[in-house]
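*Asks:* 3D model of this:
(4 chains)
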There are 2 protein chains.
Amino acid sequence: MYVTISNHKSDYTCPKKLSKRASHLPETRLKAGSHLFHEGDRVERIYQVVSGVVSLTRLLEDGRRQIISFGFPGDIVGFPCDGRHHTDCVALNTVQLQPFRLSQLKSGDGDAALHVDLLQAALHEIAAMQDHFMMLGRKSATEKVAAFLTVLANRAGTVVGQYVQVELPMSRADIADFLGLTTETVSRTISQFRKSRLIALDGAHTVIVLRPEALGSLAEDGFT
Amino acid sequence: MYVTISNHKSDYTCPKKLSKRASHLPETRLKAGSHLFHEGDRVERIYQVVSGVVSLTRLLEDGRRQIISFGFPGDIVGFPCDGRHHTDCVALNTVQLQPFRLSQLKSGDGDAALHVDLLQAALHEIAAMQDHFMMLGRKSATEKVAAFLTVLANRAGTVVGQYVQVELPMSRADIADFLGLTTETVSRTISQFRKSRLIALDGAHTVIVLRPEALGSLAEDGFT
DNA sequence: CGCGGGGTTGAGCGCCATCAATTGGAGTGG
DNA sequence: CCACTCCAATTGATGGCGCTCAACCCCGCG
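*Replies:* Predicted coordinates for the structure are as follows:
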């Protein structure tokens, strides 16, 4: 999942579940905090997230960290390059994953429909990352956090009464490393949204979006 | 081309020329400043840059701009999503491009080797973009510009005497929009490198790298 | 020679990072 | 159920990096 407030509405129905039958591989389960793979690992499988959330991260020697993306249900993670992973993949909570053989991306391995789906997912990944560049390079802290919450609410929110509620499985530090900010700035920005009654919190990890339109317009131009 | 100072040495030989015969389409020529395609255009072809340089850009309504990547010879541009382009593509100088049919990415269209090559290029694109996220999100202006010049010198530089010389086909504004900075900051940073004798300039668009190692280490941790 | 646009340099400030202290909430054991 | 621990989250104070606004320079061109 990237933060992409895109101009054009995408008709990509990303989180569809790929045929399990086509995989021939049993689902994998991961506990919170455990690694699915590390940076530099040889790629054996790629995975579709079935339930739970993972993070894809890269590290610098001096400790600086960037979260490349979060993998929500439906997302495909583990695209290889030169046969190796370029990120760590960590489970944020209990996660179920459907593995696919690498050959099923490369050739379909006899299942042409699956091949097309995986290729489609890779192309969608490229487009989503392109959108995300704009976020990282050109948006203010307010815009970043507003966009993040908006996308998350749309993607993983549940309607509760007249509001939308969304669980944040990741820490403030994770959000910061995803948006290119610090935990303090993320926290401050969220507090600001709360004080201006755009959102409400029920504990640090449950956000209730009170005024989605206002939050959405903050995401686009930082005003309102 | 992305700015990726990666940990693991990639053995990806990106700029290999794909078989022209496999394309069945004649080369395209573009003059400086003209568009290859616009954001939102229906994708008809994807292209390999043969000579010259293109930029892939995205715009915000308020005028903020982000250059997603530069397309140097060997690079593939125009990966589609939902059948549409998500960026503008503009020629920075005179450009020659080898077009490929979309079907040749999706199925190979009978040429299996070409299919594999295009798929490989897409996967490499994903990995390179992942590396680039770290740049945009976590690196200082000094690190960004140093990394940019280093990558460019390695990719497009020519050895002149004991130094490496590289042409910058793009403006300072382009570099800024690529790195998530302003033109002033880019200009100041380059001036700084010049004053500390890391590089020399021959006109604004020709850089001679005097101390590649020093520039490289600046790119990684901002010191020296 | 005048014009124009990109590039450079300067001054000042604002956003966000940094450093630091406090609060809060989940987990544990008594 | 409460006391205690520990770490995440919040809040505050301060400073610096890079943005903004503005002037000037450089150079190609008519």
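*Asks:* quick one, phi/psi of the residue lying closest to A:Phe223 once chain neighbours are set aside?
*Replies:* Among residues not flanking A:Phe223 along the chain, A:Ser217 sits closest, at 7.1 Å (C-beta to C-beta, 6 or more residues apart in numbering or on different chains). (Each C-beta comes from the backbone N, C-alpha and C, glycine too.) For A:Ser217, the backbone dihedrals (degrees, to the nearest 10) come out as phi -70, psi -30.
*Asks:* do you know how far A:Ser217 is from B:Pro99?
*Replies:* In this structure, A:Ser217 and B:Pro99 are 40 Å apart, going by C-beta to C-beta, to the nearest Å.
*Asks:* Those two: which is more packed in?
*Replies:* Remark: of A:Ser217 and B:Pro99, B:Pro99 carries more neighbours, 18 against 15, as counted by other C-beta atoms under 10 Å in any protein chain shown.
*Asks:* so how far is whichever strand or helix holds the more buried one off the chain centroid?
*Replies:* Assignment of secondary structure by DSSP states H and E places B:Pro99 within strand B:95-101. Offset of strand B:95-101 from its chain centre (C-alpha atoms, centre = their mean, to the nearest Å): 16 Å.
*Asks:* before we move on, the earlier item: isn't the residue nearest to A:Phe223 right up against B:Glu61?
*Replies:* No: counting by C-beta atoms under 8 Å, A:Ser217 does not reach B:Glu61; the two are 11.6 Å apart.
*Asks:* Next to DNA strand D in this structure, residues from chain A, please.
*Replies:* Contact residues (C-beta under 7 Å from any atom of the strand) of chain A with DNA strand D: A:171-173, A:183-184, A:186-188, A:190-191, A:201, A:204-205.
*Asks:* filter the residues you listed by proximity to DNA strand C?
*Replies:* Restricting those to those near DNA strand C - C-beta under 7 Å from any atom of the strand - leaves A:184, A:204.
*Asks:* From the residues of chain A next to DNA strand D, which land in helices?
*Replies:* A:172-173, A:183-184, A:186-188, A:190-191 (DSSP state H).
*Asks:* Only alpha carbons, please: show the helix or strand bottoming out on mean pLDDT in chain A as CSV.
*Replies:* When each helix and strand of chain A is scored by mean pLDDT, DSSP states H and E, helix A:102-106 comes last, with a mean of 88. Coordinates of each C-alpha in helix A:102-106 appear next as CSV, following Å, rounded to 0.1, in the frame of the first residue of the first chain:
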residue,chain,number,x,y,z
LEU,A,102,8.5,-17.4,-8.9
SER,A,103,8.0,-19.3,-12.1
GLN,A,104,4.3,-18.4,-11.8
LEU,A,105,5.2,-14.7,-12.2
LYS,A,106,7.8,-15.3,-14.9
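*Asks:* is the following helix or strand past it anywhere near DNA strand C?
*Replies:* Counting by DSSP H and E, the next helix or strand C-terminal to helix A:102-106 is helix A:112-138. No: using C-beta under 7 Å from any atom of the strand, helix A:112-138 stays clear of DNA strand C, coming no nearer than 10.3 Å.
*Asks:* For the strand holding B:Pro99, name the packing helices and strands.
*Replies:* strand B:28-30, strand B:45-51 (3 or more C-beta pairs under 8 Å, 6 or more residues apart in numbering or on different chains; DSSP states H and E).
*Asks:* ok, and which of those strands has the densest surroundings?
*Replies:* Stretch with highest mean neighbour count among these: strand B:45-51 (a mean of 21; mean count of other C-beta atoms under 10 Å in any protein chain shown).
*Asks:* Buried among the residues of chain A next to DNA strand D? Need that as a selection in PyMOL.
*Replies:* Buried residues among the residues of chain A next to DNA strand D (16 or more other C-beta atoms under 10 Å in any protein chain shown), as a PyMOL selection:
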select buried, chain A and resi 172+186+187+190
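*Asks:* Kindly indicate which of the residues of chain A next to DNA strand D lies nearest DNA strand C.
*Replies:* A:Glu184 (3.9 Å; C-beta to the nearest atom of the strand).
*Asks:* just for chain A, where's the confidence low?
*Replies:* Within chain A, the segments meeting pLDDT under 70 span A:6-15, A:19-23, A:108, A:224.
*Asks:* rerun that using 80 as the cut-off
*Replies:* A:4-24, A:108-110, A:221-224 (pLDDT under 80).
*Asks:* care to break it down by domain?
*Replies:* Here the domain parsing of chain A from automatic domain parsing is A:28-135, A:139-221.
*Asks:* and of those, who's closest to B:Ser103?
*Replies:* Comparing the domains of chain A by their distance to B:Ser103 (C-beta to C-beta), the top pick is domain A:28-135, with 11.8 Å.
*Asks:* And that closest one, how far out from the chain middle?
*Replies:* For domain A:28-135, the distance to the chain centre is 10 Å (C-alpha atoms, centre = their mean).
*Asks:* First-to-last residue distance for that domain?
*Replies:* 33 Å (C-alpha to C-alpha, to the nearest Å).
*Asks:* before we move on, the earlier item: would you mind giving the ones in helices among the residues of chain A next to DNA strand D as a markdown table with distance to B:Val151 added?
*Replies:* Formatted as a markdown table, those follow (distance: C-beta to C-beta, whole Å):
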| residue | distance to B:Val151 |
| --- | --- |
| A:Arg172 | 33 |
| A:Ala173 | 29 |
| A:Thr183 | 30 |
| A:Glu184 | 32 |
| A:Val186 | 30 |
| A:Ser187 | 35 |
| A:Arg188 | 35 |
| A:Ile190 | 36 |
| A:Ser191 | 39 |
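*Asks:* Burial check on A:Ser34, number of neighbours?
*Replies:* Neighbour tally, A:Ser34, other C-beta under 10 Å: 12.
*Asks:* dump the residue contacts of it.
*Replies:* A:90-91 (C-beta atoms under 8 Å, 6 or more residues apart in numbering or on different chains).
*Asks:* With DNA strand D as the reference, measure out to it.
*Replies:* Distance, A:Ser34 to DNA strand D, by C-beta to the nearest atom of the strand, to the nearest Å: 16 Å.
*Asks:* Surely A:Ala214 and A:Leu198 touch.
*Replies:* Yes: the criterion here is C-beta under 8 Å, and A:Ala214 meets it with A:Leu198 at 5.5 Å.
*Asks:* Mind checking which of these two has more residues around it?
*Replies:* The neighbour comparison of A:Ala214 against A:Leu198 (other C-beta under 10 Å) goes to A:Leu198, with 20 against 17.
*Asks:* tell me the contacts of that one?
*Replies:* Going by C-beta under 8 Å, 6+ apart, the list of residues near A:Leu198 reads A:209-211, A:214-215, A:218.
*Asks:* For it, give its distance to A:Asp174.
*Replies:* 21 Å.
*Asks:* What of A:Ala204?
*Replies:* 12 Å.
*Asks:* I am finished for the moment; much appreciated.
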